[in-house]
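A.B. asks: the sequence and its predicted three-dimensional model are supplied below.
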Amino acid sequence: MRRSDGRTVGPSDCIHVWMVITGVLLPSLSPTVRLSGQAVDRTKAPAFPPPPALKLPAVQTATLPNGLELAVVEMHKVPVVDVQIVLDAGAARDPADLPGLATFTATMLQQGAGRRGALDIADEAAFLGAQLNSAASYDAATVSLHVPKRRLEPALDLLADVVLRPAFADSEVARQRELRRAQIVQLADNPVAIAGIAFSAIVYGRSHPYGRPLNGTETSTASLSRDRVAEFYRATYRPNAARVLITGDVTLAEVRRLLTARLGGWERGPVATLAEAAAPAAAARTVYLVDKPGAAQSVIRIGHVGVARATPDYFALQVLNTILGGAFTSRLNQNLRETHGYTYGAFSQFSTGRLAGPFVASASVVTAKTDSSLIEFLKELRRIRDEPVPDPELAKAKAYITLGLPADFETTGAAAARFRELLVYGLPLDYFAHYADRINAVTAADVQRVARQHIDPDHFDIVVVGDKSQIEAGIKALSEGPIVYRDLWGQEVK
């Protein structure tokens, strides 16, 4: 490009013109520059100031005359509301002979209620711009609603029908029962699902609630009937065994008025105390092999009974697990994925519940490297117990947890999910206000102490789902324990 005087305009001229127009001065290319009279060394990463304190809205409470407890978290930036009804109706209450009853009952709530059929409920939720869901975990059943504020009242009418007046029509029970049966049949083709079901059954046994499959078996599904569902509903869906969490653009007074009109007539009733269930005594380390002929990968689960959510070691365990396998940069993933290339991801978790949940380390690995992967898993699980955690690694883990905490409260839905923990596990209402401080108080000695106390390699249940003909010999050669053969449901194969 040429100027009018005949000179050629090059890139440097263009940059100079841009700098003059915008007023930008580019720093020199030397490693040290001066900003506001202070020398800045660009060869070093800048030091970050301490993060601002997490400021959360208060949890306000009230109780309706029928015993229904309300918890309200005001968040007025966006005109939306999340409502969650949390009931003591989780799968831990399933009869031993009918696993899957709690989750099936929760599913049936939306399959017809009041004067509405299943399609009417779905259509009205869509018309209101609402999301309506019902589900159950081991510890609780939850009916949730996400809706724009201007549609809150009709949406609450719909929610009240679903919770208080489910129809449990025989035709819908039969339809949902057949859908569930088909889903259970499909599990046999999913090695990851097989590993999860078998691991729980092996660790806990069928006499413990956590040892039974959440959605039941083919046999138990066939036994689901309207009478069994209605009986479970009457025994557990009571206001005195429920709590309501409302998060979003509302006030406590407004919530009290709206829910009194819709849920105030919900009748109290006796709800049996959830029986304590003792975990089985730990056995010597054993490898449980579930044969999946032709499997492209081997799915590994290693662990044992862990801790309940109420454990005083909870915060130290969160730091421990972040170092071990709770993040992408944790030891297990760096070892098995980044260093060795055995897997796309290797992780660990303490699944804390109302009862002592499992500790598990897991990965799906290349079939030919199943034995090598077990070696690396066990090496890391022993190292976290035997060697003190270096200070930089400890600081990184604590920063990972505390700096990620604000994101859990950015939206009404995300905040509701975290605040729901307070209701399910009976935690103090100001629990999250002190969360970061308690994480930051964890020391390297704390991490090693809880690792030695809650990770026990001598009593691991090692579950491997894979092609027996390809992996059995390598696993035997490790001599990490006897090999026992199990099926999809964790039962012994004779």
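C.D. replies: Perfect, thanks for sending it.

A.B. asks: what's the helix or strand harbouring residue 171 in contact with?
C.D. replies: Per DSSP states H and E, residue 171 falls inside helix 170-186. The contact list for helix 170-186 (C-beta atoms under 8 Å, 6 or more residues apart in numbering) reads 100, 104, 107-108, 111-112, 118, 215-218, 221-222, 224-226, 229. Just so you know, the C-beta spots here come from the backbone N, C-alpha and C atoms, and that holds for glycine as well.

A.B. asks: let's see that helix as CSV, backbone CA atoms only.
C.D. replies: C-alpha atoms of helix 170-186 as CSV (Å, rounded to 0.1, in the frame of the first residue of the first chain):
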residue,chain,number,x,y,z
ASP,A,170,-53.5,-48.6,37.1
SER,A,171,-52.9,-47.9,33.4
GLU,A,172,-50.1,-45.5,34.2
VAL,A,173,-48.6,-47.8,36.8
ALA,A,174,-48.5,-50.6,34.1
ARG,A,175,-47.0,-48.2,31.5
GLN,A,176,-44.3,-46.9,33.8
ARG,A,177,-43.6,-50.4,35.1
GLU,A,178,-42.9,-51.7,31.5
LEU,A,179,-40.7,-48.7,30.8
ARG,A,180,-38.6,-49.4,33.9
ARG,A,181,-38.4,-53.1,33.1
ALA,A,182,-37.0,-52.2,29.6
GLN,A,183,-34.5,-49.8,31.2
ILE,A,184,-33.3,-52.5,33.6
VAL,A,185,-32.9,-55.0,30.8
GLN,A,186,-30.7,-52.5,29.0
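
A.B. asks: chain center to it: distance?
C.D. replies: 26 Å (C-alpha atoms, centre = their mean, to the nearest Å).

A.B. asks: swap in stretch 387-395?
C.D. replies: On the basis of C-alpha atoms, centre = their mean, stretch 387-395 sits 26 Å off its chain's mean C-alpha point.

A.B. asks: same question, stretch 249-263
C.D. replies: Per C-alpha atoms, centre = their mean, the centroid offset for stretch 249-263 relative to its chain is 29 Å.

A.B. asks: next, residue 259: phi, psi?
C.D. replies: phi -80, psi -30 (degrees, to the nearest 10).

A.B. asks: in stretch 97-115, which residues are buried?
C.D. replies: Using 16 or more other C-beta atoms under 10 Å as the test for burial, stretch 97-115 gives 98-114.

A.B. asks: can you give me the strands in the stretch 301-450 of the chain?
C.D. replies: For the stretch 301-450 of the chain, the strands defined by DSSP state E, counting those that start in this stretch cover 343-350, 358-366.

A.B. asks: the last one to strand 343-350, inter-axis angle?
C.D. replies: For strand 358-366 against strand 343-350, the angle between stretch directions is 170 degrees (axes from the mean of the first three to the mean of the last three C-alpha atoms, to 10 degrees).

A.B. asks: what about the strands in the stretch 51-200 of the chain?
C.D. replies: Taking DSSP E, counting those that start in this stretch to define them, one finds strands in the stretch 51-200 of the chain at 59-63, 69-74, 80-87, 112-113, 116-117, 131-136, 141-148.

A.B. asks: so which elements touch the second one?
C.D. replies: Taking 3 or more C-beta pairs under 8 Å, 6 or more residues apart in numbering; DSSP states H and E as the contact definition, the neighbouring helices and strands of strand 69-74 are strand 59-63, strand 242-248, helix 252-263, helix 412-425.

A.B. asks: who does that strand pair with, and is each partner parallel or antiparallel?
C.D. replies: Strand 69-74 sits in its sheet next to strand 59-63 (antiparallel), strand 242-248 (parallel), going by DSSP bridges.

A.B. asks: on that earlier part again, figure out which of the helices and strands packed on strand 69-74 is closest to residue 289.
C.D. replies: helix 412-425 (35.3 Å; C-beta to C-beta).

A.B. asks: quick one: contacts of the closest one?
C.D. replies: Residues outside helix 412-425 that contact it (C-beta under 8 Å, 6+ apart): 59, 71, 73, 75, 78, 80-82, 84, 86, 139-140, 142, 144, 146, 243, 245, 247-248, 309-310, 354, 407-409, 427-429, 431-432.

A.B. asks: and for stretch 377-389?
C.D. replies: 300, 302, 320, 323-325, 331-332, 335-336, 346, 361, 363, 444-445, 447-448, 451-452, 455, 457, 460, 480.

A.B. asks: mark which of those are buried, thanks.
C.D. replies: Neighbour-count burial (16+ other C-beta under 10 Å) is assigned, among the contacts of stretch 377-389, to 300, 302, 320, 323-325, 331-332, 335-336, 346, 361, 363, 447-448, 451, 455, 460, 480.

A.B. asks: can you give me the offset of stretch 454-471 from its chain's centre?
C.D. replies: 23 Å.

A.B. asks: got it, and stretch 149-158?
C.D. replies: Worked out by C-alpha atoms, centre = their mean, stretch 149-158 lies 28 Å from the chain centre.

A.B. asks: cool, and stretch 233-253?
C.D. replies: 22 Å.

A.B. asks: output it as PDB, restricted to C-alpha atoms.
C.D. replies: What follows is stretch 233-253, C-alpha atoms only, in PDB (Å, rounded to 0.1, in the frame of the first residue of the first chain):
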ATOM      1  CA  TYR A 233     -47.100 -42.800  49.500                       C
ATOM      2  CA  ARG A 234     -49.500 -42.700  52.500                       C
ATOM      3  CA  ALA A 235     -46.700 -43.900  54.800                       C
ATOM      4  CA  THR A 236     -44.100 -41.300  53.800                       C
ATOM      5  CA  TYR A 237     -45.500 -38.300  52.000                       C
ATOM      6  CA  ARG A 238     -46.600 -36.300  55.000                       C
ATOM      7  CA  PRO A 239     -46.100 -32.600  55.800                       C
ATOM      8  CA  ASN A 240     -44.400 -33.400  59.200                       C
ATOM      9  CA  ALA A 241     -41.800 -35.400  57.300                       C
ATOM     10  CA  ALA A 242     -41.300 -32.800  54.600                       C
ATOM     11  CA  ARG A 243     -39.500 -29.400  54.200                       C
ATOM     12  CA  VAL A 244     -40.000 -26.900  51.500                       C
ATOM     13  CA  LEU A 245     -37.100 -24.800  50.100                       C
ATOM     14  CA  ILE A 246     -37.900 -21.700  48.000                       C
ATOM     15  CA  THR A 247     -35.100 -19.900  46.300                       C
ATOM     16  CA  GLY A 248     -35.500 -16.800  44.200                       C
ATOM     17  CA  ASP A 249     -37.500 -13.600  43.700                       C
ATOM     18  CA  VAL A 250     -39.800 -14.100  46.700                       C
ATOM     19  CA  THR A 251     -40.100 -13.000  50.400                       C
ATOM     20  CA  LEU A 252     -40.900 -15.100  53.400                       C
ATOM     21  CA  ALA A 253     -44.300 -13.500  53.900                       C
END
